[in-house]
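Visitor: Predicted model, plus sequence, below.
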Amino acid sequence: MERYYWNLSAAQARGAACVMCGAEYREGFPKRVPVGRDPATEAEVYACASPCVAEIVSETDQMVRELREAAGLDDVVPDSGLGRDGEFGYLLRDLRMLVGAEALLAVTQDLPALRYVLQMAAVHAETAMIRARKLLARTQAGDL
């Protein structure tokens, strides 16, 4: 994901100055590091390798912490395979797809659409079966 920097001076937007401190880059000094893009031109923008990049990393870490808190993700335990995004979560998604396919099959009159929904149902049914068997084997073996 690209980070965009707004309200840049002309030199910053061209990549000729640091987006943090505004220092102009002359003959390779100070050393610069690409950190994102100018939203107006999509041109690459830069920051001083030290200390401005460290400040950007610190700001980004703080933003990630705040977003995790706001989303209630601080109490999420590492994925054991049964978490929301683990095998169990994927199994639930496959099952939801099958419920959606059932609803579509009940009302679809168009033959090409019907064939497509049947193909998708077959794929998700097979995937759900494989995931369910895998999870069942893990629960019986006590791998959780």
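Guide: All right, it came through fine.
Visitor: Need the single longest helix in the chain, by residues.
Guide: Longest helix in the chain by number of residues, with DSSP state H as the criterion: helix 111-141.
Visitor: That one - what's its average pLDDT?
Guide: Average pLDDT, helix 111-141: 85.
Visitor: which secondary structure elements does it contact?
Guide: helix 87-107 (3 or more C-beta pairs under 8 Å, 6 or more residues apart in numbering; DSSP states H and E). Glycine gets a C-beta too; all of them are placed from N, C-alpha and C.
Visitor: and the longest helix of the chain, how far from the chain's centre?
Guide: The chain centroid and the centroid of helix 111-141 are separated by 25 Å under C-alpha atoms, centre = their mean, to the nearest Å.
Visitor: One more: stretch 63-73?
Guide: 14 Å.
Visitor: likewise stretch 5-14?
Guide: 27 Å.
Visitor: Also stretch 45-53?
Guide: The answer for stretch 45-53 is 25 Å, by C-alpha atoms, centre = their mean.
Visitor: Over to stretch 25-37?
Guide: That offset, for stretch 25-37, works out to 28 Å (C-alpha atoms, centre = their mean).
Visitor: For that stretch, report the contacting residues that lie outside it.
Guide: With C-beta atoms under 8 Å, 6 or more residues apart in numbering as the test, stretch 25-37 has contacts from 2-5, 15-19, 23, 43-50, 53, 56.
Visitor: Narrow those residues to those in helices?
Guide: Filtering those for helices - DSSP H - leaves 53, 56.
Visitor: For PyMOL, write a command that selects the buried ones of the contacts of stretch 25-37.
Guide: One line in PyMOL is enough to select the buried members of the contacts of stretch 25-37, burial here meaning 16 or more other C-beta atoms under 10 Å:
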select buried, resi 5+15+17+18+19+45+46+47+48+53+56
